[in-house]
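Chemist: Coordinates for the following, if possible.
(one chain, ligands or ions: 2)
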Amino acid sequence: MVSDGTLTPEALAERAAGNGVELWALTDHDEIGGQHRARAAARANGMKYLTGAEISVTFANETVHIVGLGFDPDDEGMRQGLIATRGGRGVRAQEMSAGLAKVGIEGAYEGALRFVGNPELISRTHFARFLVESGVCKDTPEVFRKYLTEGKPGYVPHRWATLKDAVRWITEAGGIAVIAHPGRYKFSANEEYALFSEFEAHGGRAIEVVTGSHTPAEYVEYADKALEFGFAASRGSDFHSPDESHMDLGKLPWLPGKLTPVWELLEDRIQ
Ligand code: AMP
Ligand code: MN
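Modeler: Ligands and ions are numbered 1, 2, ... in the order given. Down below sits the predicted model:
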């Protein structure tokens, strides 16, 4: 629970190992403060470990997540970049709360804060927990659908890091940048092509193909796109909590065989 997951790195490691995971990366949003604990917990549970983070980026007016894998967890450029990226979350959360108050939901900021481990990292997930707990909605998908996505009362557009900076922080810290769950963005074919091409031009080398945020049809679609662009492929659960995530750690299908797994490019970074 360093960003918006509900479990500690130690509890996650135990759960992952129990589900048969052999190589694990903890990827908190915009935060690497859990990396040393996660690595130690992976070792204690007999798993190999790669450092991880999921950086929020604004591209074509949409929020895109860029996963970094295998970087130095103590790299100063990465640390400073993430501090800057996190900077706007507090103000954004207050604006989200003001938007919700206009439709009669009072005290959402304070309510969300009760679920936050690190106030710098307050996110829409924490608002969702508050709105479910207080009975406004029955579950997280309903909260996002009615309140927290574009055009809805609690949605506040926000400018995160640039694609170029996020890829640079990861790469200069010795890691590999990966586009997280590309199927989740509402891009036209042209916008997606621009994302992939610019990402590659900045030094990005992989995309997530099999993830808890993709449908099986999207596994196939993005496997083909990885091959088309010459990207390596990644596999990630997007697991946040036993109550909120439909995909558990270690329960995803394997990557389609013809792809290069991103961890094969990171063999010397696996710990
Ligand atoms: P934020 O970084 O504050 O914009 O919040 C991002 C978090 O919201 C991530 O943990 C996502 O998994 C979660 N999220 C985004 N869209 C949805 C959705 N439609 N349903 C459920 N969770 C979502
Ligand atoms: Mn994500």
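Chemist: For ligand 1, give me its nearest residue in the stretch 1-150 of the chain.
Modeler: Closest approach between the stretch 1-150 of the chain and ligand 1, counting by CB to the nearest ligand atom: Ser123, at 3.1 Å. (C-beta placed from N, C-alpha, C; glycine too.)
Chemist: what's around the nearest residue in space to Arg89 that is not next to it in sequence, how many residues?
Modeler: With CB to CB, 6 or more residues apart in numbering as the criterion, Arg89 has its nearest non-adjacent residue at 5.4 Å, and that residue is Ile122. Summarising burial for Ile122: neighbours were counted as other CB atoms under 10 Å, giving 24.
Chemist: so Ile122 makes contact with Val91?
Modeler: No - between Ile122 and Val91 there is no contact under CB atoms under 8 Å: 10.3 Å.
Chemist: coming back round to it: for the residue lying closest to the residue of the stretch 1-150 of the chain closest to ligand 1 once chain neighbours are set aside, what are its contacts?
Modeler: Sequence neighbours aside, Asp4 is the residue nearest to Ser123 in space, at 4.6 Å (criterion: CB to CB, 6+ apart). By CB atoms under 8 Å, 6 or more residues apart in numbering, the residues touching Asp4 are 28-29, 121, 123, 125-126, 240.
Chemist: among those residues, which are in helices?
Modeler: The helices, defined by DSSP state H, take in 125-126 from the contacts of Asp4.
Chemist: Now do the same contact list for the residue of the stretch 1-150 of the chain closest to ligand 1.
Modeler: By CB under 8 Å, 6+ apart, the contact set of Ser123 is 3-4, 29, 89.
Chemist: again, but for Glu150
Modeler: Pro157.
Chemist: Quick check: it vs Asn61, distance?
Modeler: The gap separating Glu150 from Asn61 is 9 Å, by CB to CB, to the nearest Å.
Chemist: Can you check which residues contact both of these two?
Modeler: Common contact partners of Glu150 and Asn61 (CB under 8 Å, 6+ apart): Pro157.
Chemist: just the helices in the stretch 51-200 of the chain please.
Modeler: Secondary structure of the stretch 51-200 of the chain (DSSP state H, counting those that start in this stretch): helices at 76-86, 89-102, 108-113, 124-133, 140-143, 163-172, 189-201.
Chemist: Present those helices as a markdown table; the columns should include mean pLDDT and mean neighbour count.
Modeler: Output for these, formatted as a markdown table (pLDDT from 0 to 100; neighbours: other CB atoms under 10 Å):
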| stretch | mean pLDDT | mean neighbour count |
| --- | --- | --- |
| helix 76-86 | 95 | 17 |
| helix 89-102 | 96 | 18 |
| helix 108-113 | 98 | 19 |
| helix 124-133 | 97 | 22 |
| helix 140-143 | 97 | 17 |
| helix 163-172 | 98 | 22 |
| helix 189-201 | 98 | 15 |
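Chemist: Out of those helices, the one nearest Asp268 is which?
Modeler: When the helices of the stretch 51-200 of the chain are compared by CB to CB, helix 163-172 sits nearest Asp268, at 15.1 Å.
Chemist: Local confidence estimate at Met1?
Modeler: With respect to pLDDT, Met1 scores 50.
Chemist: what do you get for the one 4 residues further on?
Modeler: pLDDT, the model's per-residue confidence, is 91 for Gly5.
Chemist: same deal with the one 3 residues further on?
Modeler: We have a pLDDT of 95 for Thr8.
Chemist: count of neighbours near it?
Modeler: Thr8: 16 surrounding residues under other CB under 10 Å.
Chemist: Return the backbone torsion pair for it.
Modeler: Dihedral pair for Thr8: phi -70, psi 160, per degrees, to the nearest 10.
Chemist: Kindly provide the distance from it to Arg159.
Modeler: Using CB to CB, Thr8 is found at 31 Å from Arg159.
Chemist: Ok, Glu208 next?
Modeler: 23 Å.
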